[in-house]
Each structure stands twice: as C-alpha cells, then as structure tokens.
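[1] for reference, the sequence and a predicted model appear below.
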Amino acid sequence: MRLSTVILPVRRWHDGGRDEWLRAERLGFHAAYTYDHLSWRTFRDGPWFGAVPTLTAAAAVTEQLRLGTLVTSVKPFSRITG
C-alpha cells in the first residue's frame, strides 16, 4: 500500500516548512502534495505560499518523496498582448 499526504504551504521554510517535507519522507510516505489556492478560509489571515516554489524547495531537500499539486491556480503570471 502506498500512502500520500497533503502539506499546506502555510509555514515559512525556515520556520518549520522544510521540516514538514522531511518528516513526510522520514515517515515513509510515497508522495506529498500541496495546494495552490488564492485563499483558504482557515488560513486567510496568515501567509500562503505558492505551490511551485514550495515544491521546488521540497525537491531540493527530499530524495525519495514524490511531489505534486492537488490544485493549481490557472491565473497567469503576466499578460501577453499581441
């Protein structure tokens, strides 16, 4: 059986965010996912970090853990006009 977990991107990397990803790997999870939402009711007054930078940082510190997003925002970063 392969188990996965969800890690919400609400902790700064140096304030426990890194440790959450490492812990998931140490516990033997097959994969860890995160969200890329614009808001989350419970965390609306605190930080919410982007999924891609979070997963990039997680990839730099984990070795076996598969990484991915459960939800990815489709909002474009810039507007291209012709």
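    Structure received.

[2] sec struct for the residue sitting nearest the centre point of the chain, please.
    Central residue of the chain (Cα atoms, centre = their mean): Thr34, 3.6 Å from the mean position. With DSSP: H, G, I helix; E, B strand; the rest coil as the basis, Thr34 sits in strand.

[3] per-residue confidence for it?
    With respect to pLDDT, Thr34 has a value of 93.

[4] likewise for Thr62?
    Note on Thr62: pLDDT of 97.

[5] and for the one 4 residues further on?
    At Arg66, the predicted lDDT confidence score is 97.

[6] just the one 5 residues further on next, same as before
    Taken from the predicted model, the pLDDT recorded for Val71 is 75.

[7] residues near it, how many?
    The burial count assigned to Val71 is 11, neighbours taken as other Cβ atoms under 10 Å. C-beta here means a position set from N, CA and C on the backbone, and glycine is covered the same way.

[8] my read is that it contacts Tyr33, right?
    No: between Val71 and Tyr33 there is no contact under Cβ atoms under 8 Å: 9.1 Å.

[9] buried set for stretch 24-43?
    Residues 24, 29, 32-36 are the ones in stretch 24-43 that count as buried (16 or more other Cβ atoms under 10 Å).

[10] what sits up against that stretch?
    The contact list for stretch 24-43 (Cβ atoms under 8 Å, 6 or more residues apart in numbering) reads 2-10, 21, 48, 50-52, 54-55, 58, 62-73, 75.

[11] re the thing from before, pull the most distant pair out of the buried residues of stretch 24-43.
    Comparing all pairs in the buried residues of stretch 24-43 by Cβ to Cβ, the longest separation belongs to Phe29 and Asp36, at 19.7 Å.
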